[in-house]
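A.B. asks: Got a sequence here, can you model it:
(2 chains)
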Number of protein chains: 2
Amino acid sequence: MDIAILLYQGVTALDAIGPYEVLASMPEANVQFVAKEPGVITTHAGVPGLHANMAFADMPAPDIFLLPGGPDVSQVANDAETIAWIQQAHKTSKYSTSVCTGALILGAAGILDGLSATTHWMFHDALKDFGAIPTLQRVVREGKVFTAAGVSSGIDMALTLAAAEYGDDIAQEIQLIIEYDPEPPFNAGSPAKAPKHVIDSLQQKFAHLAP
Amino acid sequence: MDIAILLYQGVTALDAIGPYEVLASMPEANVQFVAKEPGVITTHAGVPGLHANMAFADMPAPDIFLLPGGPDVSQVANDAETIAWIQQAHKTSKYSTSVCTGALILGAAGILDGLSATTHWMFHDALKDFGAIPTLQRVVREGKVFTAAGVSSGIDMALTLAAAEYGDDIAQEIQLIIEYDPEPPFNAGSPAKAPKHVIDSLQQKFAHLAP
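C.D. replies: Now for the predicted structure:
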């Protein structure tokens, strides 16, 4: 099972590594980090902590591809070479997936037209630009297209995919090996649950990124 | 706030990147990936997907250090140079932390002697080798020493630390920006909850790593 996770400068690290940990635990998984320009990848926080080891040509037809997001994906979503690789990969993929604003890259490749999809809660409206139907769920499946909500939701999406492909037992084994029994210290993980002043403060800080 | 995340060959990626995403979102966080030999880091699954940009000498006195785990940490836990860096860092740190079997490295450095601590559920007994008291909690705090259970629990630990240092509002903002409102598709994230045949199958697969 060839699995390509796209990396690019400014990516949000957990968008990629959350699902990576799950997907790499699937039977016979061959996970690779693919980039237009392989090498050291600096995350959106400015830390050179990731590394892409393959170019697009090294994995033109992955069984699964995953597009992680970042606070500003406009450059990668408008890059012709990146979009061409995604469109080509989508033709033969078993699963085409995104996490967070990675959905906007999937959308830019024309893959979300007419489909229900999700993305980071701050960016839901932007999905409409690509003909998608914004859907407030943590994981949305439309046939072989899986989209996940913000950042950490990629873990839930990847477990859902593992169950779809390998069955519930394997998915539960993976959940258990990564001890994914979450106990967030607060109940503030979505705008429906977080205190209003927390949401307001965050939206003020990120107003410059609003779609 | 200088934050050092230790990397080494064979590390479990999510152990490091889960808390990274939270810690890097704290105010004025300066997070760096530190290794004995900086450069590309291959995860335990054999994928060269991480990158350490600093050597021990570049960050001898971080305010926070974090030790991620991996299926086999014996080499790093027995490396004199690594242990010396940890012991030195612990003298002046505000927080000394581990995720998963990173606790066994913390233990090898003598930091868990007499303390309650947690680690990946498969390795709890090994904590006793270092004088620690194995504690079945997802996050254990003993003064400035925070230990987290397996792999994904580093996210919960880092949010707990963010709240301790910056207060509940900031921690909730971080939880909301990473949309950490987990919805695992199964209730199998701990041995207390997973079906017995799932636990048995996993333990068989990892029997060679048993402490």
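A.B. asks: Residue A:57 - how many residues pack around it?
C.D. replies: Residues within reach of residue A:57, counting by other C-beta atoms under 10 Å in any protein chain shown, total 8. For every residue, glycine as well, the C-beta is placed using N, CA and C.
A.B. asks: mind checking how far it is from chain B?
C.D. replies: 18 Å (C-beta to the nearest C-beta, to the nearest Å).
A.B. asks: what's the answer for residue A:110, then?
C.D. replies: 25 Å.
A.B. asks: Which residues are in contact with that residue?
C.D. replies: Contact partners of residue A:110, counting by C-beta atoms under 8 Å, 6 or more residues apart in numbering or on different chains, are A:87, A:130.
A.B. asks: pretty sure residue A:68 contacts residue A:16?
C.D. replies: Yes. Using C-beta atoms under 8 Å, residue A:68 is in contact with residue A:16, at 4.1 Å.
A.B. asks: shared neighbours of those two, anything?
C.D. replies: Residues touching both residue A:68 and residue A:16 by C-beta under 8 Å, 6+ apart: A:5-7, A:99, A:154.
A.B. asks: those strands in chain A, which residues are they?
C.D. replies: Listed in chain order, the strands of chain A (DSSP state E) span A:2-6, A:30-34, A:39-41, A:50-52, A:64-67, A:95-99, A:116-117, A:133-134, A:139-142, A:145-148.
A.B. asks: For residue B:116, which of those strands is the nearest?
C.D. replies: Checking the strands of chain A against residue B:116 by C-beta to C-beta gives strand A:50-52 as the closest, at 33.8 Å.
A.B. asks: does any bit of that closest one sit next to chain B?
C.D. replies: Yes. Interface with chain B: strand A:50-52 contributes A:50-52 (C-beta under 8 Å from any C-beta of the partner chain).
A.B. asks: worst-scoring helix or strand of chain A, pLDDT-wise?
C.D. replies: Least confident element among the helices and strands of chain A, by mean pLDDT, DSSP states H and E: helix A:196-205 (a mean of 94).
A.B. asks: So that one, near chain B or not?
C.D. replies: Yes. Helix A:196-205 comes into contact with chain B (C-beta under 8 Å from any C-beta), by way of A:197-199, A:201-202, A:205.
A.B. asks: Next, format those residues as a markdown table and append neighbour count and distance to residue B:88.
C.D. replies: Formatted as a markdown table, the residues of helix A:196-205 next to chain B follow (neighbours: other C-beta atoms under 10 Å in any protein chain shown; distance: C-beta to C-beta, whole Å):
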| residue | neighbour count | distance to residue B:88 |
| --- | --- | --- |
| A:197 | 11 | 41 |
| A:198 | 23 | 37 |
| A:199 | 20 | 42 |
| A:201 | 17 | 37 |
| A:202 | 18 | 37 |
| A:205 | 11 | 36 |
